[in-house]
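In: Predicted model and sequence below, questions to follow.
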Amino acid sequence: MLATIINQAVDIFRGTFLTGDWTGLAIAFGSVLVASLLMRRGAQIGSMTLLALVLFAVGGYLRGYFRWQPEGVSEGGRAVSQLERSWGAFMSLSAGSLLAYFVAFMVLIFVLFGVRSVVKRG
C-alpha cells in the first residue's frame, strides 16, 4: 500500500510539474511559492500545503474560465459550466490521488522553505 501511494505521488508530481504545459506549471509553482513564502515555522507545513492546493484549484478554475470560448456564450454561463467541470474533475479523484497531490505539494513547499531558511540565516 505504501508503494502504491509513493508511485501515485511520483506520477502526480511528474504529471503536474514535469509536463510541457507551461500555464499549469506556472499555476502549480506559483501556488507552492506563495505557500512557502507565507510559511513561518516548519509546523505549518500541513496548513500551507492545503493553502497551496486551494490556490492550485482556484488557478485551474480561472485558467479554464479565461480559455477561449465560442461566440454567444455568456459570462455567467461560462463561469457555471467551468465550475461544474472543475467540480466533476475534483469528485472523480480517488483518495490516493488526493493524498499524492498533498504529498507532492508538501515536498516542494518543504524544499522551498528549507532553501529560504538557509539563505535567510546567511
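Out: Cool, the structure landed.
In: Alpha carbons of stretch 17-36, in CSV - could you do that?
Out: Below are the C-alpha coordinates for stretch 17-36, written out as CSV (Å, rounded to 0.1, in the frame of the first residue of the first chain):
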residue,chain,number,x,y,z
PHE,A,17,5.4,19.7,-12.6
LEU,A,18,7.3,17.9,-15.4
THR,A,19,5.0,18.3,-18.4
GLY,A,20,5.2,20.8,-21.2
ASP,A,21,2.1,22.7,-20.0
TRP,A,22,3.6,26.0,-19.1
THR,A,23,0.4,27.6,-17.8
GLY,A,24,-0.3,24.6,-15.5
LEU,A,25,3.3,24.7,-14.4
ALA,A,26,3.1,28.4,-13.6
ILE,A,27,-0.1,27.9,-11.6
ALA,A,28,1.5,25.0,-9.6
PHE,A,29,4.8,26.7,-8.9
GLY,A,30,3.0,29.9,-8.1
SER,A,31,0.8,28.3,-5.5
VAL,A,32,3.8,26.4,-4.0
LEU,A,33,5.9,29.6,-3.9
VAL,A,34,3.1,31.6,-2.2
ALA,A,35,2.6,28.9,0.4
SER,A,36,6.3,28.6,1.1
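In: Check which residues of it are buried.
Out: Neighbour counts over stretch 17-36 (16 or more other CB atoms under 10 Å) mark 17, 24, 27-28, 31-32, 35-36 as buried. Any C-beta I mention is one placed from the backbone N, CA and C, and that applies to glycine too.
In: same for the biggest helix by length in the chain, what does it pack against?
Out: The residue-count maximum for a helix in the chain (DSSP state H) belongs to helix 95-121. On a contact count with 3 or more CB pairs under 8 Å, 6 or more residues apart in numbering; DSSP states H and E, helix 95-121 meets helix 2-17, helix 22-38, helix 45-66.
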